[in-house]
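Visitor: I would like the atomic coordinates for the input below:
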Amino acid sequence: MKELSIFIDESGDFGEYSFHSPYYIIAMVFHNQSYVIQNQIQYLDTELSYLGLSNICIHTGPIIRKEEIYKDMNIVERRRIFNKMMAFVRAVDIQYKCFYIEKKHIEDSIEAIGKLSKQISQFIREKYNEFLSFDNVKLYYDNGQVEVSKLLSSVFNALLPNPIFRKVMPSDYKLFQVADFICTMELVKLKIENNLFSKSEKIFFGSTRDLKQNYLKALKKKEWN
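Guide: Modelled structure (predicted):
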């Protein structure tokens, strides 16, 4: 049976607009289960173990901002982890799509959910035949925000026959960590486009030219258009 797995993560919240949280982003990573990626997963795990990071759950935002388990690491160590993840994304056969709203143009959470639902619904309709070519469509989300869980359930159940929903632990799925990575990089891209690049992002990535050339350009090739 043909199966499509969709790993979903979000960035931001449905609260009021603030300079530090200007966007709300939902990222979806699509993996046709016919394409086995176990070798790439094992390679990433081995590379991380060489850095003394066995069984790590990669969380991209904190790597950039020097937070959580990365707070005592220097920039060279954090960039190594980031680049291992980027290499993994390049190597695996996946596609992704991001949906976002700019919160300063949104009145409340109801309007936010409505606009995101419309974007996701339009995408599914555009790719409807591709979705229907799979016997199973499984969505993996960590139920991090109730609004997103409800949004996904309503949109996918309305448009696709029998989508399957799975609650996940991020540490259990590398492709969920990829969704987190892509969500973070989409936020970085939006910040560059709107001159909102933060101090920590400037320190981590250096010039925006290098960021675009080394990372964003390569990621763009994985986007499902």
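
Visitor: quick one, phi/psi of residue 15?
Guide: phi -80, psi -170 (degrees, to the nearest 10).

Visitor: same question, residue 142
Guide: Per degrees, to the nearest 10, the backbone of residue 142 is at phi -90, psi 10.

Visitor: just to check, residue 165 is in contact with residue 150?
Guide: No - using Cβ atoms under 8 Å, residue 165 is not in contact with residue 150; the gap is 11.3 Å. (C-beta placed from N, C-alpha, C; glycine too.)

Visitor: the more surrounded of these two?
Guide: Ranked by neighbour count (other Cβ atoms under 10 Å), residue 165 and residue 150 place residue 165 first, with 16 against 12.

Visitor: hang on, that one in a strand?
Guide: Yes - counting by DSSP: H, G, I helix; E, B strand; the rest coil, residue 165 is found in a strand.

Visitor: which neighbours do residue 165 and residue 150 have in common?
Guide: Residues touching both residue 165 and residue 150 by Cβ atoms under 8 Å, 6 or more residues apart in numbering: none at all.

Visitor: what residue lies at the spatial centre of this protein?
Guide: In the chain, the residue lying closest to the centroid (Cα atoms, centre = their mean) is residue 179, at 2.6 Å.

Visitor: so where's this protein shaky on pLDDT?
Guide: Applying pLDDT under 70 to the chain flags residues 17, 19.

Visitor: can you give me the helices for it?
Guide: In the chain, the segments counted as helices under DSSP state H are 38-50, 60-65, 75-91, 109-126, 128-132, 146-159, 174-193, 199-205, 208-211, 217-220.

Visitor: pretty sure the residue nearest to the centre of the chain contacts residue 10?
Guide: No - look at residue 179 against residue 10 with Cβ under 8 Å: they stay out of range, at 9.0 Å.

Visitor: are there residues contacting both of these two? Which ones?
Guide: residue 27.

Visitor: now do the residue nearest to the centre of the chain against residue 61, distance only.
Guide: 13 Å (Cβ to Cβ, to the nearest Å).

Visitor: likewise residue 131?
Guide: In terms of Cβ to Cβ, residue 131 sits 30 Å off from residue 61.

Visitor: next one: residue 50
Guide: Distance from residue 50 to residue 61, by Cβ to Cβ: 24 Å.

Visitor: and for residue 27?
Guide: Counting by Cβ to Cβ - residue 27 and residue 61 are separated by 12 Å.
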